[in-house]
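In: Coordinates only, no sequence provided:
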């Protein structure tokens with residue numbers, strides 16, 4: 001099986017602080033962790049103000065299933081409202097190599 005990286009980039013809505021967004025993202029942790037096939041997740045912010053939510057899934061089927069069900073979760077409306085409309089871009093990529101610490 002080929003692991004898949006789900007990479008979502010976006011900017012925050014003007015009224016949302018970094019700390020508020022991190023807290024909203026953490027509200028999704030139980031859902032993501034409970035999904036069979038979840039391997040790793042990190043959230044980062046670049047100097048240009050764009051954020052990246054980077055999740056590693058066991059395979060593309062899992063990634064697509066979670067992406068489809070994510071908007072239906074209780075935490076999703078608040079999380080999505082914190083993202084500037086039209087700024088989000090999501091893609092799935094096969095992981096070909098990874099280096100561990």
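Out: In hand now; what should we look at? On a predicted model such as this, the values are computed, not experimentally measured, just so you know.
In: For residue 75, see how far away the residue lying closest to residue 10 once chain neighbours are set aside is.
Out: Here the nearest residue to residue 10 in space, its sequence neighbours aside, is residue 88; by Cβ to Cβ, 6 or more residues apart in numbering that works out to 4.0 Å. C-beta coordinates here come from the backbone N, C-alpha and C atoms, glycine included. Counting by Cβ to Cβ, to the nearest Å, the gap from residue 88 to residue 75 is 16 Å.
In: Please apply the same query to residue 59.
Out: If you go by Cβ to Cβ, the gap between residue 59 and residue 75 works out to 24 Å.
In: Tell me which residues of the helix or strand harbouring residue 23 come out buried.
Out: If you go by DSSP states H and E, residue 23 is part of helix 18-26. For helix 18-26, burial by neighbour count (16 or more other Cβ atoms under 10 Å) applies to 21, 24-25.
In: Kindly report the same for stretch 34-49.
Out: Taking 16+ other Cβ under 10 Å as the criterion, stretch 34-49 shows 35, 37-38, 41 as buried.
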